[in-house]
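# coordinates only, no sequence provided:
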């Protein structure tokens, strides 16, 4: 009986460790490749013990001919821009939908959500044609607007849920005391929903930061974001794995930090986030 | 009823009306920007795409212009073997990836469905992959699957299986993409299932245990039926998402070798942004929208109806 129990523990432990190895190995490989020398990154059999170097980071982000720093800035500008725009516009709509009655409210909510269901390729095709016509291709406003197509419905959906969870009583008390609807929204509702606001904003940022297809189609050399830059770099250079992985680390480090910060809301955010193009 | 009381009632009604007018303005002012932006960014482009799908239009051949061809593009699609092949590739990908993700995700959720010290750190470690930029996932798997110096082949070689040129062989290329997708999304399935398992009524599980059902019986007759709604939702979310796969394919194989990994999104991309056949690409995109919509309708009805009714 005791032997059986021990065996069970060993099996459980082995399963846990194997799981950890399988799911952390690619991340480990990204990070270690980024701090290997060019030769070590290519070595076969792979080198497991090596002296780390930051030359890949230096070459990618510091050496002046390298445009990666600019693409990093582009990613930041576009992701922040769309997050701010979607949060302001979407939170207002979410509050209105959470607190007030509308005719055909259900249809309205369905429509807002369904705009998020469409496959990215089907959304980007007409957006490309229209933006070409109004000269928004390869501009920051164009990219920010394009990303708003998936972030805005996301914010409305998430924030409507968060406003629905906080009790209305405080806001109603404010209204009875003579506050305008705006004041009760701004001074009571928003502070109460602050954790949800932060989580939603973080998700918007991550989705935009990670987005590839829209950026591939709608950006040019001036507005290219990191995901597009890294793939373009990939096809023009002779397999500088160290530099790719250094860029990859810079790309995923902030996202992983954010993900850990909002892990409480992760399932909710991605359930809807996964429903995007 | 006395006159005084009537007057008082009247004035309350008036102030309520003024009040509600103010609120009416407020609620629409808050909502309208979103409606306007979404109309401009989604409905207008959609209509424009429908109109374009009825035309022959190649951006690289402006001399032929924007010519009305009726349903010709749709007829072409139905006899385009590369299009039908890409639909089949997408479906194959969906079946393989989603099956593995659900099975593995469920197994992991069962493994971690207990109150032990290691559950929180395991959860934290496992939630990282799903946040990694898909392009980076593609790149690192591309590097690891490399036929000559990839670390994956090093493991296979050390174990005596020899090297497999995963991405260069049409037979294994799609599988390599499936593996990358399974790596990224299994933890997501696991998290949803863990949340689902946590809501199961303890009383039912206890009853099963006192009746001395085996571990497998408990799983098959109690846990799985209770989890059915959660499983269904996860299945649909992953199906819709996997069906439009683009990023991983673009980085890992560009649809190759040949068209072995060309998914529907990839093929539409090729038609639209490689050949610039805007009319035809629009028609294909509309067909894809119809396919996704059939699944999405089901999806919306099953989960979100109850939530928005609340």
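Arrived safely. Bear in mind the structure is a predicted one, so any value in this text is a computation, not a measurement. Residues are numbered from 1 along each chain as shown, chains lettered A, B, ... in the order given.

# report the contact partners of residue A:85.
A:144, A:148, A:151-152 (Cβ atoms under 8 Å, 6 or more residues apart in numbering or on different chains). Where you see a C-beta, it was placed from the backbone N, CA and C, and this is true even at glycine.

# residue boundaries of the helices in the stretch 1-150 of chain A?
A:2-34, A:38-42, A:55-57, A:68-99, A:105-114, A:120-133, A:140-165 (DSSP state H, counting those that start in this stretch).

# SS state for residue B:234?
helix (DSSP: H, G, I helix; E, B strand; the rest coil).

# any low-confidence regions in chain A?
A:1, A:64-65, A:235-238, A:270-277 (pLDDT under 70).

# which residues sit in contact with the most centrally placed residue in chain A?
Nearest to the mean C-alpha position of chain A, counting by Cα atoms, centre = their mean, stands residue A:206 at 1.4 Å. Contacts for residue A:206 (Cβ under 8 Å, 6+ apart) come out as A:255, A:258-259, B:131.

# how about residue B:65?
Contacts of residue B:65 by Cβ under 8 Å, 6+ apart are residue B:57.

# and stretch B:161-173, end to end?
Start to finish, the residues bounding stretch B:161-173 are 18 Å apart (Cα to Cα, to the nearest Å).

# ok, residues contacting that stretch?
Counting by Cβ under 8 Å, 6+ apart, B:142, B:145-148, B:150, B:152-153, B:156-157, B:175-176, B:252-253, B:256-258, B:260-261 sit against stretch B:161-173.

# how is chain B divided into domains?
B:3-53, B:80-309 (automatic domain parsing).

# next one: the longest one to chain centre, how far?
Put plainly, it is domain B:80-309. 9 Å (Cα atoms, centre = their mean, to the nearest Å).

# quick one: mean pLDDT for that domain?
Model confidence over domain B:80-309, given as mean pLDDT, is 87.

# chain A contacts on the stretch 51-200 of chain B?
B:52, B:108, B:111, B:118, B:122-137, B:139-141, B:143-144, B:148-149, B:151, B:154, B:183, B:186-188, B:191-192, B:195 (Cβ under 8 Å from any Cβ of the partner chain).

# that older thread, name the nearest of the contacts of residue A:85 relative to residue A:113.
residue A:152 (11.1 Å; Cβ to Cβ).

# need the contact list for that closest one.
A:85-86, A:89-90, B:34, B:37-38, B:41.

# pipe those into a markdown table and attach distance to residue B:209 per row.
Below are those laid out as a markdown table (distance: Cβ to Cβ, whole Å):
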| residue | distance to residue B:209 |
| --- | --- |
| A:85 | 53 |
| A:86 | 48 |
| A:89 | 52 |
| A:90 | 47 |
| B:34 | 50 |
| B:37 | 54 |
| B:38 | 51 |
| B:41 | 54 |
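
# out of the residues of the stretch 51-200 of chain B next to chain A, which are inside helices?
B:52, B:108, B:111, B:122-127, B:134-137, B:139-141, B:143-144, B:151, B:154, B:183, B:186-188, B:191-192, B:195 (DSSP state H).

# of those residues, buried ones?
B:52, B:108, B:111, B:122-123, B:126-127, B:134-137, B:139-141, B:143-144, B:151, B:154, B:183, B:186-188, B:191-192 (16 or more other Cβ atoms under 10 Å in any protein chain shown).

# can you tell me how far residue B:100 sits from chain A?
Distance, residue B:100 to chain A, using Cβ to the nearest Cβ, to the nearest Å: 12 Å.

# which residue, other than its chain neighbours, is closest to residue A:81?
residue A:144 (3.9 Å; Cβ to Cβ, 6 or more residues apart in numbering or on different chains).

# so that neighbour is in contact with residue A:82, correct?
Yes: with contact defined as Cβ atoms under 8 Å, residue A:144 reaches residue A:82; the gap is 4.7 Å.

# quick one, which of the two is more surrounded?
Counted by other Cβ atoms under 10 Å in any protein chain shown, residue A:144 and residue A:82 do not tie: residue A:82 has more neighbours, with 27 against 22.

# nearest residue to the more buried one other than its sequence neighbours?
What sits nearest to residue A:82 in space, not counting adjacent residues and going by Cβ to Cβ, 6+ apart, is residue A:147, at 3.9 Å.

# same question, residue A:59
residue A:243 (5.9 Å).

# and the angle for the helix or strand hosting the one you found with helix B:134-144?
Under the criterion of DSSP states H and E, residue A:243 resides in helix A:241-261. Here the directions of helix A:241-261 and helix B:134-144 differ by 130 degrees (axes from the mean of the first three to the mean of the last three Cα atoms, to 10 degrees).
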